[in-house]
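# Take a look and give me a structure for this.
(2 chains)
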Number of protein chains: 2
Amino acid sequence: MVFDLIVHNGTLITVNPAFEIIEAGMVCIKDGRIKQIEATPLSSPLPNADEIIDAKGGIIMPGLVNTHTHLPMTLFRGLADDLPLDVWLNEKIFPAERNHITSDSVHWSTLLACAEMLMSGITTCCDGYFLEDVVAAAVSEIGIRAVLGQGVIDFPAPGVADPAKNIATAREFVQRWEQRTQLITPSIFCHSPYTCSEKTLINAKALTEKHGVIFQIHAAETRNEWNQLHAERESTPISFLDRIGVLDQNTLLVHCIWVSDDDIGIIADRGAGIAHCPESNMKLASGISPVPKLLETGITVGLGTDGCASNNNLDLFHEMDVAAKLHKAHTFEPTIMDAATVLKMATIEGARAIGLDPKIGSLEIEKQADLIVLDTRKPHLVPMYHPASHIVYTTAASDVNDVVVSGNILIKDRKMVAIDVDRIMDKVNEIAFNVRI
Amino acid sequence: MVFDLIVHNGTLITVNPAFEIIEAGMVCIKDGRIKQIEATPLSSPLPNADEIIDAKGGIIMPGLVNTHTHLPMTLFRGLADDLPLDVWLNEKIFPAERNHITSDSVHWSTLLACAEMLMSGITTCCDGYFLEDVVAAAVSEIGIRAVLGQGVIDFPAPGVADPAKNIATAREFVQRWEQRTQLITPSIFCHSPYTCSEKTLINAKALTEKHGVIFQIHAAETRNEWNQLHAERESTPISFLDRIGVLDQNTLLVHCIWVSDDDIGIIADRGAGIAHCPESNMKLASGISPVPKLLETGITVGLGTDGCASNNNLDLFHEMDVAAKLHKAHTFEPTIMDAATVLKMATIEGARAIGLDPKIGSLEIEKQADLIVLDTRKPHLVPMYHPASHIVYTTAASDVNDVVVSGNILIKDRKMVAIDVDRIMDKVNEIAFNVRI
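Have a look, this model is predicted:
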């Protein structure tokens, strides 16, 4: 067989169930899938292939999976920091969205977000926002893999002036994208249990069930949300969502900070996944999700960066490092959230949380060829005793050298192959000039 | 006047007392010092200069000040992670030091650490370790600025087989380096109040007083240390150090996690500075230093990375981001540790903590020309509304493009000008090969 692509001469971190690491490994790819994984032959030549990527002794690993983004909010990166949550949201972010979220700004900001993610080794994201049709078109243009959720909220929103049409808009979005490309999986993103009515949540969930897609929702993020749900519904956010029947294996709960042991039991019983966004939670001072306990209980937890308005970047290498350290500090237990656990959260467990683990999240035969190559020939990566530890505790996004999605080389030697990044940055800067004023 | 060097065409973050930011600014340098700071002339040519660095619209800012390192421990980067503190120290780090810390390994590991720091925008560090003569020679070779503390501990240590000679060794070190170069300031680093006797601490402090240099000590890092001091001396670590008279403006206390309100009052009264190392503290699960309260009380707090065995890198950009977020999460207060506060900790306040604020830490006339240029033309730095926020929350070490120390260009376009980094990495890898076995 002549392969389409071979990536070789690097330490292979498979993140397969045995967490195998192959020194001087090789991945052979055909028709977008991984067909062979093994040590690079020492005495014989490489198999035939149309294209070869030499990892030059670096690391070859699965592309990272970012389980929670709001891609168009990249436009608001660093617009408002160090503010109380209500001031940040009501005085800064909501007005900025009202005034500056248009099809044009969503288009260019999404392209920028995708460029940033790819340059940072993210090959799949799970997004939720409005005007998601425009997001999907931009994502397609870049060629990154994504679960894209049309936003549903019971207030006027960009592209959905009348909230009575939020479910219909989401339905059209899902129908339009469900068979369109193998890289995009549509989804519905309900904003939260305090901004969507019970009826809206139930209707949205029914729609995702009908189409077999993921139902995403911010849940149990802040103390205020917990207090409000408790006052209005005599429930915790999680028990409320469970009572109305929206928790199951196709549900992705984002944040899950204010969860009791009972809530954790419910989530585990229903099989819902969680997107953990430690940097956003820390920056907004929302609290600290009990992730070690969630993992102990057997819940699937992926990592997410959240949007750029609250992080302020889309860097899962940084997020891995912070996740590993935050929970050690919080629990006084240096052995929890070890490097392998956190690396799995950023790859295979993230894929599982968004329903894509049969296709991606690890380097295994017949999976999609979504992989990245890290350049480890840099002072901050020398010496290297344990590659998984290096990935979590010292590798930076800028160490990503090559990025392959579904067998296509999107980044080679740290350059985007087919995308004019300068034009994207110029366009976003132009739009941002008006946001600034 | 013909300047030696002009750095222009970038947003100037001065970190001067008024925290002035000059868009399209220019810094003119002569004889290693800053002679002129102003907006780049629009209609007239630049002043005459032998050399020009064009910041290309990026950021020009003071070099970062890393207030706590153990440079030679870069050899042990990632050797042992995710372990209980006693296992990490007694079963991993101490044996590794006994077997592998030699003049040769200290030389090459220090060169590597300095290369990493410069590539990450750090122009000054404050180090404490053994064989500090060898450290100083390597630091001189690189041309970075440093406060270097010969280690003092009442156990056999590398280069000091007989602990009875620890003070004499420190004295010789200080005498040898006190007038030798303007870039190196000698110091003494007592390991901790539980590994040095009262007599050792008092003698070491007397020696630093005599020479007018900084007395460094790990203090109040772990709960065990607190318990031990409480049992043996009926004191907190801080009140013990105060009682024996070692706390004053020339004392740098490293960590200060287990400190009471009384301890904080003592530190403030004595005018001692603090090196805050959040990533190391988190990774080792030592606890969280009450930094917002320390700052409120008027204590000088700088940022430090700690050694690579417990971080695992020397990246103050990452450290700034984590410091800003950690304390927000810990206090549920999103407005504390704002970007400007944290940026000052990594520059002028760090300089103040190690006694170098009259010379470095900000871009001001007659200060030493220690500065860095950030390349902001990258997806993760677009758009930019507030430069200080960008520096703390999204800039990465790899965005550092040029580095100047005392007017000398050490890094230009992300390449070390005079140092063969490949040779350093090869040498450290060779040494690490034996550590691994």
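
# would you put the C-alpha positions of stretch A:319-327 in PDB?
Taking Å, rounded to 0.1, in the frame of the first residue of the first chain, the C-alpha atoms of stretch A:319-327 are listed here in PDB:
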ATOM      1  CA  GLU A 319      -5.000  24.700  30.600                       C
ATOM      2  CA  MET A 320      -3.600  21.200  31.300                       C
ATOM      3  CA  ASP A 321      -0.800  22.700  33.400                       C
ATOM      4  CA  VAL A 322      -3.300  24.800  35.400                       C
ATOM      5  CA  ALA A 323      -5.800  21.900  35.800                       C
ATOM      6  CA  ALA A 324      -3.100  19.600  37.200                       C
ATOM      7  CA  LYS A 325      -1.800  22.200  39.600                       C
ATOM      8  CA  LEU A 326      -5.100  23.900  40.700                       C
ATOM      9  CA  HIS A 327      -6.600  20.700  42.200                       C
END
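
# how about the residues of the stretch 201-350 of chain A near chain B?
A:223, A:279, A:281-285, A:287-288, A:311-315, A:318, A:321-322, A:324-326, A:328-329, A:331-335, A:337-339 (CB under 8 Å from any CB of the partner chain). For every residue, glycine as well, the C-beta is placed using N, CA and C.

# Narrow those residues to just the buried residues.
Burial by neighbour count, 16 or more other CB atoms under 10 Å in any protein chain shown: within those this picks out A:279, A:281-285, A:287-288, A:311-315, A:318, A:321-322, A:324-326, A:328-329, A:331, A:334, A:337-339.

# For A:Leu356, grab phi and psi.
Dihedral pair for A:Leu356: phi -110, psi 10, per degrees, to the nearest 10.

# where does A:Asn224 land in three-state SS?
Judged by DSSP: H, G, I helix; E, B strand; the rest coil, the three-state class of A:Asn224 is helix.

# That one and A:Glu91: what is the separation?
Distance of A:Asn224 to A:Glu91, given as CB to CB, to the nearest Å: 16 Å.

# just A:Ile354 next, same as before
Counting by CB to CB, the separation of A:Ile354 from A:Glu91 is 33 Å.

# repeat for A:Leu79
Distance check for A:Leu79 against A:Glu91: by CB to CB, it reads 11 Å.

# Which one's more surrounded, these two?
The neighbour count for A:Leu79 versus A:Glu91, taken as other CB atoms under 10 Å in any protein chain shown, is higher for A:Leu79 (22 against 13).

# ok, for the more buried one, nearest residue in space, not its chain neighbours?
Closest residue in space to A:Leu79, ignoring its immediate chain neighbours: B:Tyr385 at 5.0 Å, by CB to CB, 6 or more residues apart in numbering or on different chains.

# Show me how chain A divides into domains.
Domain assignment for chain A, taken from automatic domain parsing, gives A:3-62+A:370-416, A:64-353.

# Of those domains, which stretch is the most buried?
Most buried of the domains of chain A by mean neighbour count (mean count of other CB atoms under 10 Å in any protein chain shown) is domain A:64-353; its value is a mean of 22.

# pLDDT on it, on average?
Mean pLDDT, domain A:64-353: 97.

# for chain A, which residue is closest to the average position?
A:Asn66 (1.6 Å; CA atoms, centre = their mean).
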